[in-house]
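**Student:** Need coordinates for the below:
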Amino acid sequence: MFSAFFLGALYLERVLGYNAIDTGLAFMPLTIAIAAFSMGISALAVGRFGALRTLAAVSPRSPPASCCWRRRACTRATSPACSSRSC
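**Tutor:** Numbers count the residues shown, from 1 in each chain. Sure thing, here's the model as predicted:
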């Protein structure tokens with residue numbers, strides 16, 4: 001998890017040109033989701049539906065959500081490193 005924050009912050013700041021506050025705000029949805037699930041939502045879902053059904057409901061939605069976020073970040077980029085081929 002630490003590597004995702006570290007490398008994501010480097011990408012946002014160096015490639016996309018975000019400042020420190022924009023980078024922090026970009027990570028806010030992920031931080032809120034981690035906090036919400038660590039407070040017991042995941043335990044309730046596993047207890048009610050089982051581990052397999054919970055993972056089957058969440059796992060397929062994670063990669064498309066991250067691709068949508070990345071594509072949205074790239075459309076606002078001014079760097080040539082973030083071209084339409086890389087998004």
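**Student:** and Tyr18, which of the three is it?
**Tutor:** Classification of Tyr18 by DSSP: H, G, I helix; E, B strand; the rest coil places it in coil.
**Student:** Please apply the same query to Met39.
**Tutor:** helix.
**Student:** per-residue confidence at it?
**Tutor:** For Met39, the model assigns a pLDDT of 81.
**Student:** gap between it and Arg48?
**Tutor:** As for Met39, its distance to Arg48 is 16 Å (criterion: C-beta to C-beta, to the nearest Å). Heads up, the C-betas are built off the backbone N, CA and C, glycines and all.
**Student:** Stretch 9-24: end-to-end distance?
**Tutor:** Distance between the boundary residues of stretch 9-24 (C-alpha to C-alpha, to the nearest Å) amounts to 8 Å.
**Student:** Can you report how many residues neighbour the residue lying closest to Glu13 once chain neighbours are set aside?
**Tutor:** Nearest-residue entry for Glu13: Thr23, 5.6 Å, with adjacent residues in sequence omitted and distances by C-beta to C-beta, 6 or more residues apart in numbering. Thr23: 17 surrounding residues under other C-beta atoms under 10 Å.
**Student:** Show the average pLDDT along the host helix or strand of Thr23.
**Tutor:** If you go by DSSP states H and E, Thr23 is part of helix 20-26. Per-residue pLDDT over helix 20-26 has a mean of 89.
**Student:** list the buried ones in that helix?
**Tutor:** Buried residues in helix 20-26, counted by 16 or more other C-beta atoms under 10 Å: Thr23, Ala26.
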